[in-house]
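Q: Pasting a predicted model and its sequence here:
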Amino acid sequence: MIKLHDKYFKKFISEAQIQEAVARIASEIANDLKGERPIFIGILNGVFMFFSDFMKAYPFPCEMSFIKLASYHGTSSTGNIKELIGLSQDIEGRTVVVLEDIIDTGNTLEELHKIFKAKKVKQFKIGTLFFKPEAYQKQHKIDYIGMEIPNEFIVGYGLDYDELGRNLPEVYQLHTHDMINLILFGKPGAGKGTQATFLKEKYNLVHISTGDVFRYNIKNGTELGLLAKSYMDKGDLVPDEVTINMLQAEVEKNPEAKGFIFDGFPRTTAQSEALDNFLATKDWTISATIALEANDEILIQRLLERGKESGRVDDQDEDKIRNRFDEYNQKTAPLINYYKAQNKFYSVNGTGSIEEITERLSATIDQL
Ligand code: AMP
């Protein structure tokens, strides 16, 4: 694993695999163009390493040149029009092979086609070391492909992340998915908090319970606490904006976390969307939403018992508990479909001993 700027990257394609692909492209092109004296044109900057290794592997007489495509700062409002920099020789009537380090959407390729068509070359071919078929949106044929890769962000072997990483001899992939971010879902009393304390130890995660953070603020008489108290005491949800800002601040307090258990958050669609957007700014995602299921009568008994020990006002009165269930049914239950649509929803039987439930949850997490 390496770190470039703020992001981590893991090894993806070895030097040996790259060299094998380069040698194969060189021999395919040599086979097709053996009678010609082609001009190989590299698109800077990313191509420089591939181009150099390719030239060493190309066995026949050839010429070379480099170009850059710069955004054209003219009167055009599109901002997309590209201008060619660096092509000095006359290429009319010549066989031209443009070499690219990577082709993804194909936008650059499209520009190249337009530019070289106007130059009346004899033959125009395109070769790329890496190709992302899932990202490609154009019709142009790519004549030579070193390796097809999934639509992931890569660096190394000429490719950069904000100018870093070009000098790496192998290719690295953005590292995002080893982080485990879990949402423990379920009605009040389902056991989210209890289970989170076991799971956070087992999986080395940071546990954030929005209910606990609110109660901490109430205990300390903060402004946030005062605001939340009136809602909490009745069993109503605290407004989204307040809760979302608080949750984000809690996440920011843990920049080195290996992942999070969100307990009691999100509770509304707006909170789910805010969470997804917020995590995306860090290249993180939710790994799974796991619901602990138990019927209302069991939950009410558990909450009343808890209320006797903890003194929590919202756990001591059956009306308040029923109001919290109503809030859940109206505002929180729709999230089940939100996470199902992302294939991230799991449901676990939340009745039985604490250990049994931890085991069921662990089995679900381990298969992620
Ligand atoms: P809990 O400890 O998770 O049962 O939460 C206790 C109370 O805190 C809830 O009844 C709400 O009043 C408030 N609360 C906790 N989390 C949220 C949330 N995500 N959105 C709105 N209110 C919340």
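A: Nice, I can see it.

Q: List the residues that contact Arg37.
A: By C-beta atoms under 8 Å, 6 or more residues apart in numbering, the contact set of Arg37 is Phe60, Pro61, Cys62, Glu63, Thr95. The C-beta positions use only the backbone N, C-alpha and C, and glycine is treated the same way.

Q: isn't Phe40 right up against Val97?
A: Yes. If you go by C-beta atoms under 8 Å, Phe40 and Val97 touch, sitting 5.2 Å apart.

Q: what about stretch 316-328, distance to the chain center?
A: Stretch 316-328 sits 37 Å away from the centroid of its parent chain (C-alpha atoms, centre = their mean, to the nearest Å).

Q: Distance check, the residue in the stretch 51-200 of the chain that the ligand sits nearest to against Phe265.
A: Nearest residue of the stretch 51-200 of the chain to the ligand: Pro188, at 4.7 Å (C-beta to the nearest ligand atom). To Phe265, Pro188 is 13 Å away according to C-beta to C-beta, to the nearest Å.

Q: And for Ile208?
A: Distance, Ile208 to Phe265, using C-beta to C-beta: 7 Å.

Q: if I look at those two, which residues touch both of them?
A: Leu247.

Q: Most proximal residue of this protein with respect to the ligand?
A: Distance from the ligand to each residue of the chain (C-beta to the nearest ligand atom) is smallest for Gly211, at 1.9 Å.

Q: Which strands and helices lie in contact with the helix or strand hosting that residue?
A: Using DSSP states H and E, the element containing Gly211 is helix 210-219. The helices and strands touching helix 210-219, judged by 3 or more C-beta pairs under 8 Å, 6 or more residues apart in numbering; DSSP states H and E, are helix 223-234, helix 240-252, strand 259-263.

Q: try 10 Å this time
A: On a contact count with 3 or more C-beta pairs under 10 Å, 6 or more residues apart in numbering; DSSP states H and E, helix 210-219 meets helix 192-203, helix 223-234, helix 240-252, strand 259-263.

Q: Deepest-packed of those, please.
A: Stretch with highest mean neighbour count among these: strand 259-263 (a mean of 23; mean count of other C-beta atoms under 10 Å).

Q: Okay, now the unreliable bits of the stretch 51-200 of the chain?
A: For the stretch 51-200 of the chain, the stretches flagged by pLDDT under 70 are 71-82, 176-177.

Q: for the ligand, what are the nearby residues on it?
A: Pro188 (C-beta under 6 Å from any ligand atom).

Q: can you pull out the strands in the stretch 51-200 of the chain?
A: In the stretch 51-200 of the chain, the strands defined using DSSP state E, counting those that start in this stretch lie at 63-71, 82-85, 95-103, 123-131, 144-148, 154-155, 171-174, 180-185.

Q: chain center to the second one: distance?
A: The chain centre lies 32 Å from the centre of strand 82-85; the measure is C-alpha atoms, centre = their mean.

Q: Also the first one?
A: Remark: strand 63-71 is offset 32 Å from the chain centroid, using C-alpha atoms, centre = their mean.

Q: related to what we said a few turns ago, filter the contacts of Arg37 to the buried ones?
A: Among those, those classed as buried by 16 or more other C-beta atoms under 10 Å are Cys62, Thr95.

Q: any common contacting residues for Phe40 and Val97?
A: Counting by C-beta atoms under 10 Å, 6 or more residues apart in numbering, the residues touching both Phe40 and Val97 are Ile29, Leu33, Phe54, Tyr58, Cys62, Met64, Lys125, Gly127.

Q: overlap in contacts of Pro188 and Phe265?
A: Common neighbours of Pro188 and Phe265, using C-beta under 10 Å, 6+ apart, are Gly211.

Q: Report the central residue of the chain.
A: When C-alpha atoms, centre = their mean is applied to the chain, the residue found nearest the centroid is Asp283 (4.3 Å).

Q: Pull the number of nearby residues for Met179.
A: Using other C-beta atoms under 10 Å, Met179 has 18 other residues around it.

Q: from what I can see it touches Trp284, true?
A: Yes. Using C-beta atoms under 10 Å, Met179 is in contact with Trp284, at 5.8 Å.

Q: Now for these two: what residues contact both?
A: Listed as contacting both Met179 and Trp284 by C-beta under 10 Å, 6+ apart are Ala257, Gly259, Phe260.

Q: now those residues in CSV, with distance to Leu224 and pLDDT?
A: What follows is the shared contacts of Met179 and Trp284, written out as CSV (distance: C-beta to C-beta, whole Å; pLDDT from 0 to 100):
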residue, distance to Leu224, pLDDT
Ala257, 22, 92
Gly259, 25, 96
Phe260, 20, 98
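
Q: closest to Asp143 among those residues?
A: Nearest to Asp143 among those is Gly259, at 44.0 Å by C-beta to C-beta.

Q: List the residues that contact Leu87.
A: With contact set as C-beta under 10 Å, 6+ apart, Leu87 has these partners: Ile39, Ile41, Ser65, Phe66, Ile67, Lys68, Val96, Ile115, Phe116, Lys119.

Q: Among those residues, name the buried ones.
A: Among the contacts of Leu87, the ones that count as buried by 16+ other C-beta under 10 Å are Ile39, Ile41, Phe66, Ile67, Val96, Ile115, Phe116.

Q: hang on, the fifth one packs against Ile41?
A: What it means is Val96. Yes. Between Val96 and Ile41 there is a contact at 6.1 Å, judged by C-beta under 10 Å.
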